[in-house]
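In: turn this into a structure:
(4 chains)
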Protein chains: 2
Amino acid sequence: MTSSAEPVSRAERKKLELRREIIDAAFDCFAERGYHATGIADVATRLGIGHGTFYRYFQNKRDIVDHVVDELVARITGALTAENAPDAVSTLAEYREQSARIGESLARIFGEDPRVPRLLLFEAPGIDRAMAERILDLFDLAAALTAAYLSHGVELGYLRADLDVDNTARAINGMILGSAITSLRTPEDQRALSEAVRRVMYDGIAS
Amino acid sequence: MTSSAEPVSRAERKKLELRREIIDAAFDCFAERGYHATGIADVATRLGIGHGTFYRYFQNKRDIVDHVVDELVARITGALTAENAPDAVSTLAEYREQSARIGESLARIFGEDPRVPRLLLFEAPGIDRAMAERILDLFDLAAALTAAYLSHGVELGYLRADLDVDNTARAINGMILGSAITSLRTPEDQRALSEAVRRVMYDGIAS
DNA sequence: GCCGAAACGGAATCGCATGTCAGTTTCGGA
DNA sequence: TCCGAAACTGACATGCGATTCCGTTTCGGC
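Out: Numbering: from 1, shown residues only, chains lettered A, B, ... in the order given. Here you go, the predicted structure:
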């Protein structure tokens, strides 16, 4: 279920492996020096390959940044949805636990590796209109998930009946976004920050 | 008190005027097409001047974006501090009013003109390390102001005594940031969104 | 070991935006 | 009206980085 047809040939595997290494190297470069400041040659040099080789794996510079972002988006949506269906819980305690769990994994993805917020929030939006839209789509997706989560809480009676789920979802996601950005400078007190977020949230939305 | 020495000569005034028009045109271009996608020639053409003239007013491309950002930062810090000293209020009602007022003016700056969030949040961070730092500095400044504001509320007893002012300030600013980003796609329900933010805030932090 | 195909590398190409500069125009004062 | 200074202009020089392309190397099968 992970992938349709596993490549068997030895060469095939090597190829896929290099392809992956290129994506990783590009991620590094883009996050460190910025998209516009890194040349294809930089990415190639980092791997010790000729930069002509790059073009055997990707169409062009724009192409690869899409793949890099694909990966990050997949990682994030994975964390957001994995075993975290909004209707998987049915007690208040479980509900809070789940929210803590989601917060944890998001904080891990964004907080443990500063390259992630730096690329997604700082570099990507300035690349292109299309890329900016992708990032906004990601925000919308997150907002929709959070809203579904809140809706469920309202239905179960854990949250205020008059809660404006859509806008509150955006507000909450904004707090998380703020945490991610803060983590760029202050990777330390991630814990205290997410505690503050949760505190604002729950003392605010609990019925 | 606005400026030290007013230029008198007719020519001087013309010069300053053009200088301003260049900044405005650059702002337009950078926000619409993006910093990297706009050339000096684009800015010049928009004003109907030769692009060589541009260099009589600004050192280079990097120079002007700094001036554009200067202006926006000034506008924002102005809104944040003008007649909004955290200790200017002494009743809960006034306190809420002030928070509403600050929220209003921020929402106006960011919401009324999508170029502002687009440039500050989407374009600027990807220009440069230095520019990214400037944006982070702006966040830090805002966090400090919000924190001071919260501290005052705690002292007066309006807010929870155990409030983690610094981190809560970041969380709150995150909500505002989220609103600004949302406004890029949905300029309509700005009202409902800021109401949701205030609701989360007050029902969360009031003692 | 030999061969053909596929992968690789990096010199060469190409386009483009920045920044310069020398000729031209504008303008204020005499 | 004339003059010199300052402002303006856009053709040009430059540099840089993305992409191409072809000679070279590697590799798997025989």
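In: if you count residues, where's the longest helix of chain A?
Out: Assignment by DSSP state H gives helix A:129-156 as the longest helix of chain A.
In: now do the helix or strand just after that one: which elements does it pack against?
Out: With elements assigned by DSSP states H and E, the helix or strand that comes after helix A:129-156 is helix A:165-185. The contact analysis (3 or more CB pairs under 8 Å, 6 or more residues apart in numbering or on different chains; DSSP states H and E) places helix A:165-185 against helix A:92-112, helix A:115-117, helix A:129-156, helix A:190-205, helix B:129-156, helix B:165-185, helix B:190-205. Where you see a C-beta, it was placed from the backbone N, CA and C, and this is true even at glycine.
In: tell me which residue of chain A lies closest to DNA strand C.
Out: Proximity to DNA strand C, evaluated over chain A using CB to the nearest atom of the strand, is greatest for A:Gly52 at 1.5 Å.
In: surely that residue is within a helix?
Out: Yes - assessed by DSSP: H, G, I helix; E, B strand; the rest coil, A:Gly52 belongs to a helix.
In: which residues touch A:Ile40?
Out: Counting by CB atoms under 8 Å, 6 or more residues apart in numbering or on different chains, A:Ile40 makes contact with A:51, A:54-55, A:61.
In: circling back to that earlier point, can you count the residues close to the residue of chain A closest to DNA strand C?
Out: Neighbour count for A:Gly52, taken as other CB atoms under 10 Å in any protein chain shown: 9.
In: pLDDT score for it?
Out: Looking at A:Gly52, its pLDDT is 95.
In: same check on A:Ser4?
Out: On pLDDT, A:Ser4 comes in at 46.
In: repeat that for the one 3 residues further on.
Out: At A:Pro7, the model reports a pLDDT of 57.
In: so which of the contacts of A:Ile40 reach chain B?
Out: Applying CB under 8 Å from any CB of the partner chain, the subset of the contacts of A:Ile40 adjacent to chain B is empty.
In: and DNA strand D, is the longest helix of chain A touching that?
Out: No - counting by CB under 7 Å from any atom of the strand, no contacts exist between helix A:129-156 and DNA strand D, the nearest distance being 14.6 Å.
In: what helices and strands are in contact with that helix?
Out: Looks like helix A:129-156 contacts helix A:61-81, helix A:92-112, helix A:165-185, helix B:165-185 (3+ CB pairs under 8 Å, 6+ apart).
In: now the first one, how far from the chain's geometric center?
Out: Centroid displacement of helix A:61-81 relative to its chain, using CA atoms, centre = their mean, to the nearest Å, is 7 Å.
In: ok, the second one next?
Out: Computed by CA atoms, centre = their mean, the chain-centroid distance of helix A:92-112 equals 14 Å.
In: could you break chain A into its assigned domains?
Out: Domain assignment for chain A by automatic domain parsing gives A:10-58, A:61-203.
In: can you tell me the closest non-neighbouring residue to the most centrally placed residue in chain A?
Out: With distances taken as CA atoms, centre = their mean, the residue of chain A nearest its centroid is A:Ile76 (3.5 Å). Ranked by CB to CB, 6 or more residues apart in numbering or on different chains and with sequence neighbours excluded, the top spatial neighbour of A:Ile76 is A:Ile109, at 6.2 Å.
In: the one you found: what's it in contact with?
Out: Neighbouring residues of A:Ile109 by CB under 8 Å, 6+ apart: A:75-76, A:79, A:116.
In: buried ones among these?
Out: A:76, A:79, A:116 (16 or more other CB atoms under 10 Å in any protein chain shown).
In: residue contacts, the last one?
Out: Which is A:Val116. A:31, A:72, A:109-110.
In: mind pulling the model confidence for it?
Out: For A:Val116, the model assigns a pLDDT of 97.
In: show me where pLDDT drops low in chain A?
Out: Within chain A, the segments meeting pLDDT under 70 span A:1-8, A:204-207.
In: that one against DNA strand C: which residues are in contact?
Out: Along chain A, the residues adjacent to DNA strand C under the rule CB under 7 Å from any atom of the strand are A:11, A:14-15, A:18, A:48-53, A:55-57.
In: closest one of these to chain B?
Out: Distances from chain B to those, taken as CB to the nearest CB, are shortest for A:His51 (20.7 Å).
In: just checking, the closest one touches A:Ala44?
Out: Yes - between A:His51 and A:Ala44 there is a contact under CB atoms under 8 Å: 3.7 Å.
In: which one's more surrounded, the two?
Out: A:Ala44 (20 against 14).
In: DNA strand D versus the more buried one, what's the distance?
Out: For A:Ala44, the distance to DNA strand D equals 9 Å [CB to the nearest atom of the strand, to the nearest Å].
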